[in-house]
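Asks: Predicted structure and sequence below. I'll ask about it afterward.
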Amino acid sequence: MNQITLDGSSITPNKVVCVGRNYVEHIHELGNEVPNEMVLFVKPNSAISSSLLASHNGDELHYEGEISFLYQNGKFSAVAFGIDLTKRSVQNVLKSKSLPWERSKAFNGSAVFSEFVSLQPEASLLGLTLSINNTLIQEGDTQLMLYKPDEILAEIQSFMALTDGDIVMTGTPKGVGKIIAGDVYIGTVTQNGKTLVSQQWTASV
């Protein structure tokens, strides 16, 4: 089973629950409609990785930077920068046929995470930035989300049990695109404008 790191300790998540279409500008950049209800899908433990790939089984991959939470003791206890890797061409075919997204979203290595860091108990503004080759590409925060973290947690728990160690990815802002091998990615999560966690990856084939 794949693991993530929380404050230097290893944890084995059971699953990753992902929110789709949670930022309006990202919805528009892909030509999608704003959903009437929360869009949710699941990645298995086998999707978890610390390596950023540019392709998988011959399919090119696209990046989607996301604020990602660790679930423990009934709440979101920690946060990381996550990258939801997507086979965009495969996803477009699946969407056109009204089929599930798993073949484009849940493949091995499709959920990449920085280290998780514990959250302070008081409510505060969380944000993210993703830079590629030192150019800012994605930027967003919880205020821009259609569904805020508390709403996401409540909706998931209305029909699905979360177990300690599960991860919830909360959607991506505008600026998604193709991963190119050799490019350097830096993902950062901030709290009230101060860096909580930041990590660098170099995309590999």
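Replies: Structure's in. What do you need?

Asks: Tell me the helix or strand right after the helix-or-strand element of the chain with minimal mean pLDDT.
Replies: In the chain, no helix or strand scores lower on mean pLDDT, DSSP states H and E than helix 24-29, which sits at a mean of 76. With elements assigned by DSSP states H and E, the helix or strand that comes after helix 24-29 is strand 39-44.

Asks: For that following strand, name the packing helices and strands.
Replies: strand 15-20, helix 102-105 (3 or more Cβ pairs under 8 Å, 6 or more residues apart in numbering; DSSP states H and E). C-beta: built from backbone N, CA, C; applies to glycine.

Asks: who touches the spatially closest residue to residue 39 that is not a sequence neighbour in this structure?
Replies: Distances taken as Cβ to Cβ, 6 or more residues apart in numbering put residue 20 closest to residue 39, at 3.7 Å, once the chain neighbours are dropped. Residues near residue 20 by Cβ atoms under 8 Å, 6 or more residues apart in numbering: 35, 39-41, 101, 171.

Asks: out of the residues you listed, who has the most neighbours?
Replies: Using other Cβ atoms under 10 Å as the neighbour criterion, residue 171 leads the contacts of residue 20 with 24 neighbours.

Asks: Please report phi then psi for the most far-flung residue of the chain relative to its centre.
Replies: Farthest-out residue of the chain from its mean C-alpha position, per Cα atoms, centre = their mean: residue 97, at 24.5 Å. With angles defined as degrees, to the nearest 10, residue 97 sits at phi -100, psi 10.

Asks: ok, it to residue 205 distance?
Replies: Distance of residue 97 to residue 205, given as Cβ to Cβ, to the nearest Å: 29 Å.

Asks: for residue 134, same thing?
Replies: 22 Å.

Asks: Is it correct that residue 150 falls within a helix?
Replies: Yes - membership of residue 150 in a helix is supported by DSSP: H, G, I helix; E, B strand; the rest coil.

Asks: low-confidence ranges in the chain?
Replies: 27, 123 (pLDDT under 70).

Asks: As a check, name the ranges of all helices in it.
Replies: Assigned by DSSP state H, the helices in the chain fall at 24-29, 88-96, 102-105, 149-157.

Asks: how about a markdown table for those, with mean neighbour count added?
Replies: Listed next are those as a markdown table, based on neighbours: other Cβ atoms under 10 Å:
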| stretch | mean neighbour count |
| --- | --- |
| helix 24-29 | 15 |
| helix 88-96 | 14 |
| helix 102-105 | 19 |
| helix 149-157 | 16 |
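
Asks: In CSV, list the ones you listed along with distance to residue 4.
Replies: Output for these, formatted as CSV (distance: least, Cβ to Cβ, whole Å):
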stretch, distance to residue 4
helix 24-29, 24
helix 88-96, 25
helix 102-105, 18
helix 149-157, 18
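
Asks: quick one: which of these is nearest residue 49?
Replies: Proximity to residue 49, assessed across those by Cβ to Cβ, is greatest for helix 102-105 (13.6 Å).

Asks: Can you tell me what sits against that closest one?
Replies: So helix 102-105 is contacted by 18, 41, 43, 84, 86-88, 90-91, 94 (Cβ under 8 Å, 6+ apart).
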